[in-house]
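Asks: Here is my input; please provide its structure:
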Amino acid sequence: MNPELLKDLVTMKMPFGKYKGRVLCDLPESYLVWFHSEGFPPGKLGEMIATLYEIKLNGLEYLLQPIKAQYGNRS
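Replies: Below is the predicted model:
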């Protein structure tokens, strides 16, 4: 797993849609499932959302907690 990708998951905000402005790691699972069924966006954003989908699907959110703490994301 790319550590830079994990950092981006806890610092980057969703650039569009219903959850615009929300940090990616805080997107609800239902939204990630919707992307999974409809198709992920192209490029890095799609890769990040697909990774987050797999993390949440497999109950691995705890992996993001130390990174969130390190970068001060308390949202």
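Asks: distance between the lengthiest helix in the chain and the chain's centre?
Replies: Longest helix of the chain, by residue count under DSSP state H: helix 43-57. For helix 43-57, the separation from the chain centroid amounts to 6 Å (computed by CA atoms, centre = their mean, to the nearest Å).
Asks: Show me which parts of stretch 48-58 are buried, residue by residue.
Replies: Buried residues in stretch 48-58, counted by 16 or more other CB atoms under 10 Å: 48-49, 51-53, 55-56. The C-beta positions use only the backbone N, C-alpha and C, and glycine is treated the same way.
Asks: How far does stretch 17-28 stretch from one end to the other?
Replies: Using CA to CA, to the nearest Å, the span of stretch 17-28 from its first residue to its last is 13 Å.
Asks: do stretch 17-33 as well
Replies: One end of stretch 17-33 to the other measures 15 Å (CA to CA).
Asks: So which residues lie in contact with it, not counting its own?
Replies: 8-14, 48-49, 52-53, 56-57, 61, 64, 68, 73, 75 (CB atoms under 8 Å, 6 or more residues apart in numbering).
Asks: Same question for stretch 38-49.
Replies: Residues from elsewhere that reach stretch 38-49 (CB under 8 Å, 6+ apart): 5, 8-9, 12, 15, 24, 27, 32, 35, 50, 53.
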